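**Student:** Just need the structure, nothing else, for what follows:
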Amino acid sequence: MNSYFEEQIEENDTISEKYITFYIDKEYYAIEIKYVLEIIGIQPITEIPKTPEFIKGIINLRGKIIPVMDVRTKFNKEFVQYHERTCIIVVEVDRVPTGLIVDGVSEVLKIEDHMISAVPSQEHEHTYIKGIGRIGEDIRIILDCKELIDGIEIY
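**Tutor:** Sure, this is the predicted structure:
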């Protein structure tokens, strides 16, 4: 993981209530830090045929093959060319690593339970939204990492 984020986490030994925040367009999202293995720059991606549009392919990360998903595309936003701030958040759910391509990573925040509101009524479409975090006047859409990558199979 990026040393900047490691320093923020070391301030308090616990990762409970800690979230990594990232952005897509001008919207900010958060996922629990416990799922994050590391944050890397955009890398060459090998495309895999007959996968959903949001699955960009696989990367070779130090000898490990990891599927990568473009979160922007998953959220039905217009594709933009990757740039110097584009990065891959490598998460691990149920011992399976997956890369999440995002426009950029913001910071590590502590979002306590009382700062999280329930998701407004939603149909079955976006079950990967876990809650809405209030940080002062700002909000972060908290994603359920397990639901976000559920069903990603490339081979």
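**Student:** average model confidence for stretch 102-121?
**Tutor:** The pLDDT scores in stretch 102-121 average 89.
**Student:** Same check on stretch 30-50?
**Tutor:** 95.
**Student:** Pull out the buried positions in that stretch.
**Tutor:** 30-33, 35-36, 39-40, 42-43, 45 (16 or more other CB atoms under 10 Å). The way it works is simple: take the backbone N, C-alpha and C, and place the C-beta from them, glycine included.
**Student:** Out of these, which comes closest to P120?
**Tutor:** When the buried residues of stretch 30-50 are ranked by distance to P120 (CB to CB), A30 comes first, at 17.0 Å.
**Student:** My read is that the closest one contacts I111, right?
**Tutor:** Yes: applying CB atoms under 8 Å, one finds A30 in contact with I111, separated by 6.6 Å.
**Student:** shared neighbours of the two, anything?
**Tutor:** Taking CB atoms under 8 Å, 6 or more residues apart in numbering as the contact rule, A30 and I111 both touch 19, 133, 140, 142.
**Student:** Quick check, L100 in contact with I89.
**Tutor:** Yes: look at L100 against I89 with CB under 8 Å: they come within range, at 4.5 Å.
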